[in-house]
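> please work out how this folds:
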Amino acid sequence: MKTTRFLTAVLLTAVLIGSGYAQPNSIKDITAHKYALENLIAGIHSENDGVRRNSIYFAGYYKIVETEDALIAQLKKESDPSTRILIALVLYELGSEEGLFEVKDLSLNDEDAKVRRMAMQIYNEYLVNDLSNGSLTSK
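Residues are numbered from 1 along each chain as shown. This is a model prediction of the structure:
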């Protein structure tokens, strides 16, 4: 029940926030704090579930492109299915081509059926948007 609520909140947030085509940002566009990026990446890799999820969420909310590698690395080792879905949504929000190939891989190989289904939907949305923008390359 808790996971369902979390996924619903994530999807609703993704729809509301991700509807626009906002450009990805650099951390410098958001804050001048010298350790902001380091702290955000440390949060993405945190062992604390709440800190990790919030850091992943904020990386997507503010579209911080410098977090792409950290998100991909976390996606590969993440054990929580709902957090894997959240990372896939954030990679979509960032417009990360490399990240979306990881989402495609997730849709084909994840052990959790819900993760595979959600990842496939996210990847399909990427393909549809890419096709409608006329920038689809062979993948």
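> how close does Ser107 sit to Ala73?
Distance of Ser107 to Ala73, computed by C-beta to C-beta, to the nearest Å: 19 Å. All C-beta atoms are positioned from the backbone trio N, CA, C, and that covers glycine.
> okay, those two: which has more neighbours?
Remark: of Ser107 and Ala73, Ser107 carries more neighbours, 19 against 15, as counted by other C-beta atoms under 10 Å.
> contacting residues around that one?
Arg116, Arg117, Ala119, Met120, Ile122, Tyr123 (C-beta atoms under 8 Å, 6 or more residues apart in numbering).
> show me what the helix or strand encompassing Ile41 is packed against.
In this assignment (DSSP states H and E), Ile41 forms part of helix 36-44. If contacts are counted by 3 or more C-beta pairs under 8 Å, 6 or more residues apart in numbering; DSSP states H and E, helix 36-44 sits against helix 27-30, helix 49-61, helix 68-77.
> would you turn these into JSON lines with distance to Tyr92 and mean pLDDT?
Below are these laid out as JSON lines (distance: least, C-beta to C-beta, whole Å; pLDDT from 0 to 100):
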{"stretch": "helix 27-30", "distance to Tyr92": "19", "mean pLDDT": "62"}
{"stretch": "helix 49-61", "distance to Tyr92": "8", "mean pLDDT": "95"}
{"stretch": "helix 68-77", "distance to Tyr92": "11", "mean pLDDT": "97"}
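> how about those helices, which one is nearest Glu111?
Of all the helices and strands packed on helix 36-44, it is helix 68-77 that lies closest to Glu111, at 13.5 Å by C-beta to C-beta.
> next secondary structure after that closest one?
helix 81-94.
> C-alpha coordinates for the helix or strand following that next one, PDB please?
Later in the chain than helix 81-94, the nearest helix or strand by DSSP H and E is helix 97-109. Extracted in PDB, the C-alpha atoms of helix 97-109 (Å, rounded to 0.1, in the frame of the first residue of the first chain):
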ATOM      1  CA  GLU A  97      20.200   9.700 -23.800                       C
ATOM      2  CA  GLU A  98      22.700   7.400 -22.000                       C
ATOM      3  CA  GLY A  99      20.300   7.300 -19.100                       C
ATOM      4  CA  LEU A 100      17.400   6.400 -21.300                       C
ATOM      5  CA  PHE A 101      19.300   3.500 -22.800                       C
ATOM      6  CA  GLU A 102      19.700   2.300 -19.200                       C
ATOM      7  CA  VAL A 103      15.900   2.700 -18.700                       C
ATOM      8  CA  LYS A 104      15.400   0.600 -21.900                       C
ATOM      9  CA  ASP A 105      17.700  -2.100 -20.400                       C
ATOM     10  CA  LEU A 106      15.700  -1.900 -17.100                       C
ATOM     11  CA  SER A 107      12.500  -2.400 -19.100                       C
ATOM     12  CA  LEU A 108      13.900  -5.600 -20.600                       C
ATOM     13  CA  ASN A 109      15.900  -7.100 -17.700                       C
END
